[in-house]
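> structure of the sequence below:
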Amino acid sequence: MNTFLQKTSRALLGLSFTLIAAALFLGQNGGLASIFGFYGVNSEAGLHIVRIAVALLFAVAAVLALLSLLKPQYIRPLALLIICISLVPLLSLFGSAHWIDSLGGFPAIGSGQGVIKYLALTAIGLTLLSCSACQLMRYIWLNYLPVGLVLLWIGGMKFTAIEAQGIEGLVSSSPLMAWLYSFFNVQQASNLIGIYDLIALIILALGLVIRSLFWPGILLCGAVFVTTQTFLFSYPGSWQSPGVLASSGIFIIKDLWFIANLLIMIDIRKHLSHSVTGK
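Sure, this is the predicted structure:
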C-alpha cells in the first residue's frame with residue numbers, strides 16, 4: 001500500500017530521522033552510551049565512532065524515507081534499514097541499564113523510555129516489508145502493540161514519584177498542560193495523566209474489535225503523542241541550538257513514530273472497511 005496516509009507516516013519518519021541525524025552529527029548522544037554500554041562500548045573514543053555511525057544510518061534512513069514518497073521501490077530498503085536500526089537498542093533492554101531497580105518492571109526515565117520507543121520503528125518496518133491484503137488485521141495489531149505498550153509502561157510510571165517529578169519541567173512549560181498544577185499537586189497531576197494514558201490504550205484496543213470505539217481510541221492516543229510534540233516548542237531544553245535537537249528533543253521527537261503507527265492503523269482500517277463493503 002502506498003496511500004496518502006502511508007506516505008504521511010513515512011514523511012514523519014523522514015523528518016524525525018533528519019533531525020536526529022543532525023543532532024548526532026553535532027555532538028548529541030541521544031542515549032547511545034546506555035545502549036552501547038550493553039555491547040561493551042564504554043570508551044569515549046568508541047562512543048564517538050558509534051555516534052557518527054548511527055548518525056549516518058539515520059541520515060540514510062531519512063533519505064530513503066523521503067525517496068519512498070516519490071518511488072515505491074525505496075520502501076523495502078527503508079523497511080529493512082529501520083528494522084535494523086531498531087533491533088540494536090531493543091536488544092539492549094536485556095541489560096540492566098534501562099530499568100529502575102527499585103521499581104521492577106519500569107523503564108528508566110530517558111534511557112529505558114527512549115529505547116522502548118524503537119518498538120514503533122520495528123512495527124512500521126515489518127508492516128512496510130510484508131503487509132498483505134489477506135493479513136491486514138494482523139498488521140493493525142502489530143502497529144497497536146508499540147502504542148499500547150509505551151502508554152502502559154509510561155502511563156503506569158506516572159503513578160510513581162520519580163516519574164511525576166521527571167515530567168514536571170515538561171508539563172509546567174506546556175500551555176496545554178501547565179494548568180494542571182493550578183488545581184493539583186505534582187503527583188496528583190501525574191496520576192491524572194497516567195489515568196488518561198491507560199484509558200486511551202484500552203479504548204483503542206477495544207476499538208480494534210468494536211468499530212464504534214476505533215476513532216475515539218485513535219484520537220485519545222493521538223492526543224498524547226501530538227501533545228508531546230508541542231514540548232519541542234515549549235520546553236527550553238529541547239534544542240541545543242536553533243535547528244539542532246538536544247538529548248531531550250531527540251527523546252521527544254521519537255513520538256512521531258507512534259503517530260506514524262496510528263496513521264498506518266487508520267489506513268489499514270480503511271482498507272478493511274472497503275473490503276467488507278466491497279468498494
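
> chain center to the longest helix along the chain, what's the gap?
Taking DSSP state H as the criterion, the chain has its longest helix at helix 44-68. Between the centre of helix 44-68 and the centre of its chain there are 18 Å (Cα atoms, centre = their mean, to the nearest Å).

> which residues touch the helix or strand harbouring Gly112?
Per DSSP states H and E: Gly112 is located in helix 111-116. Helix 111-116 is contacted from outside by 30-31, 34-35, 89-90, 92-93, 97-100, 106-107, 146, 149-150, 153-154, 250-251, 254, using Cβ atoms under 8 Å, 6 or more residues apart in numbering. The C-beta positions use only the backbone N, C-alpha and C, and glycine is treated the same way.

> now, those that are in strands?
Secondary structure from DSSP state E places none of these in strands.

> for the stretch 101-250 of the chain, which residues score under the pLDDT cut-off?
104, 132-134 (pLDDT under 70).

> ok, which stretches of the stretch 151-279 of the chain are strands?
239-241, 244-245 (DSSP state E, counting those that start in this stretch).

> so which elements touch the last one?
Secondary-structure packing of strand 244-245 (3 or more Cβ pairs under 8 Å, 6 or more residues apart in numbering; DSSP states H and E): helix 4-25.

> and the helix it packs on, how far out from the chain middle?
Using Cα atoms, centre = their mean, the offset of helix 4-25 from its chain centre is 12 Å.

> and what of stretch 43-60?
21 Å.

> cool, and stretch 71-82?
19 Å.

> quick one: buried residues of it?
Tyr74, Ile75, Leu78, Ala79, Leu81, Ile82 (16 or more other Cβ atoms under 10 Å).

> what's next to that stretch, contact-wise?
2, 10, 13, 57, 60-61, 64-65, 67-68, 121-122, 124-129.

> can you list the residues that contact the longest helix of the chain?
Here helix 44-68 makes contact (Cβ under 8 Å, 6+ apart) with 7, 10-11, 13-14, 17-18, 20-21, 24-25, 27, 29, 32-33, 36, 41, 74-75, 77-78, 81-82, 84-85.

> are any of those residues buried, and which?
7, 10-11, 13-14, 17-18, 20-21, 24-25, 29, 32-33, 36, 74-75, 78, 81-82, 85.

> still on that earlier bit, so the longest helix of the chain versus helix 4-25, what angle?
150 degrees (axes from the mean of the first three to the mean of the last three Cα atoms, to 10 degrees).

> buried by neighbour count: which residues of stretch 103-119 qualify?
106-119.

> actually stretch 82-92, not the one I wrote
Ile82, Ile83, Ile85, Ser86, Val88, Pro89, Leu90, Ser92.

> export stretch 111-120 as PDB, just CAs?
As requested, the backbone C-alpha atoms of stretch 111-120 are provided in PDB (Å, rounded to 0.1, in the frame of the first residue of the first chain):
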ATOM      1  CA  SER A 111      17.200   5.800  28.800                       C
ATOM      2  CA  GLY A 112      14.600   3.000  29.100                       C
ATOM      3  CA  GLN A 113      11.700   5.000  27.900                       C
ATOM      4  CA  GLY A 114      13.600   6.200  24.900                       C
ATOM      5  CA  VAL A 115      14.600   2.600  23.900                       C
ATOM      6  CA  ILE A 116      11.200   1.100  24.100                       C
ATOM      7  CA  LYS A 117      10.100   3.700  21.500                       C
ATOM      8  CA  TYR A 118      12.100   1.800  19.000                       C
ATOM      9  CA  LEU A 119       9.300  -0.800  19.000                       C
ATOM     10  CA  ALA A 120       7.300   1.700  16.900                       C
END
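
> thank you kindly, that will do.
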